[in-house]
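Asker: give me a 3D structure for the following:
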Amino acid sequence: MDFVSNGVLVHTTNYRKYFAKTYRVKRRKSLTEYEVVTGGENSSPVTVLKDVEARTLTTHGPNTRETDIGILRNRQTSNCLALNSCLDHVKSDHIRLWTIQSPDVWNALQEQKTLLVDPNHPTFVSHIDGFPDAYDWMREQMTQRISDYSGHYPWWAYEHFLDLRFYRWHTHPSGQRLVRLELVIPREKVLLSAYGDWHCVLNRAYLPASILEEDYDREMAAWEEAAKRSGIEVSYGRPKVVVPYPEPWEMQMQTSWEHVFDVEARRPTQTIQATFEELKLAEVVKATEFASMP
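Answerer: Down below sits the predicted model:
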């Protein structure tokens, strides 16, 4: 049940630009992959990842040097956009994903072999609170796009590698124990979407089709102006009480949200997230336990 940051409220008219700048995966001509070979009890906070593989495509953090993470083995990789292409080969009909879960989820998965999201679990309730319509919309989309989907709330994962040298410092209360799961799942079971644009669904904002900034702004402004001429008050930021727009504006807005699934166009500038119905032990490639830091 990894819904980190999905509940962010943003009071701006240009949701896509804000989140693309915040959560983008940067394109580089040449990327360096690092792997921790050694670590120890007395290592610096960044090296608490003792005996844990840790690779990154982005950064070690503002105050971190290569020497802070122990003895590194370095190898150059050229023209890689995502870490997936740098790892062991995955069959074309499967996809490699990463998700952060609690130790309770990991322990239950080892016992039960297959888990569905429990909609009554306190962690899930706390994350979905205030956004049930957005998650129900995602379930409706999964029903349309995944042939044997049964309608349960989905698990959340990401197409990019979740580097613990960043992730453990920014996302959870200090000292919280967590587990990063590396998964390889059949593509037919997964629905990919753009993480930044997903916030238009969360915040009930119109999502233009274009990924070009000028065209995006022009389309957004045109839709808002047309709605206002029809007497529709366009809200900025998610309202406390969701009241659907009169038709055809509500349908136009919800139809626009389907642009989140145009991942090929959005992959160069946005993180790609993944939703799927069942978490299976047989699809776990690696589990890495870690503790979050302040």
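Asker: going forward, measure contacts and count neighbours with C-alpha atoms only.
Answerer: Noted.
Asker: check whether residue 195 really touches residue 269, as I assumed.
Answerer: No. Applying CA atoms under 8 Å, one finds residue 195 not in contact with residue 269, separated by 10.3 Å.
Asker: more neighbours, these two?
Answerer: residue 195 (26 against 19; other CA atoms under 10 Å).
Asker: which residues touch that one?
Answerer: Residues counted as contacts of residue 195 (CA atoms under 8 Å, 6 or more residues apart in numbering) are 23, 260, 270-273.
Asker: how about 6 Å then?
Answerer: Under the criterion of CA atoms under 6 Å, 6 or more residues apart in numbering, the contact list for residue 195 reads 271-273.
Asker: residue 283 too?
Answerer: Shown here is residue 283, whose contacts under the criterion CA under 6 Å, 6+ apart are 183-184.
Asker: look up phi and psi at it.
Answerer: In this entry, residue 283 is assigned phi and psi values of phi -100, psi 0 (degrees, to the nearest 10).
Asker: using the three-state scheme, assign residue 156.
Answerer: Counting by DSSP: H, G, I helix; E, B strand; the rest coil, the backbone at residue 156 sits in strand.
Asker: can you name the residues bridging to it?
Answerer: residue 275 (DSSP bridges).
Asker: I figured it was touching residue 275, is that so?
Answerer: Yes. Under the criterion of CA atoms under 6 Å, residue 156 makes contact with residue 275 at 4.9 Å.
Asker: who's more crowded, those two?
Answerer: Set side by side, residue 156 and residue 275 give different neighbour counts by other CA under 10 Å, the larger being at residue 156 (22 against 19).
Asker: any chance you could list what contacts stretch 181-188?
Answerer: Here stretch 181-188 makes contact (CA under 6 Å, 6+ apart) with 93-99, 283-287.
Asker: change it to 7 Å
Answerer: Applying CA atoms under 7 Å, 6 or more residues apart in numbering, the contact partners of stretch 181-188 are 93-100, 146, 283-288.
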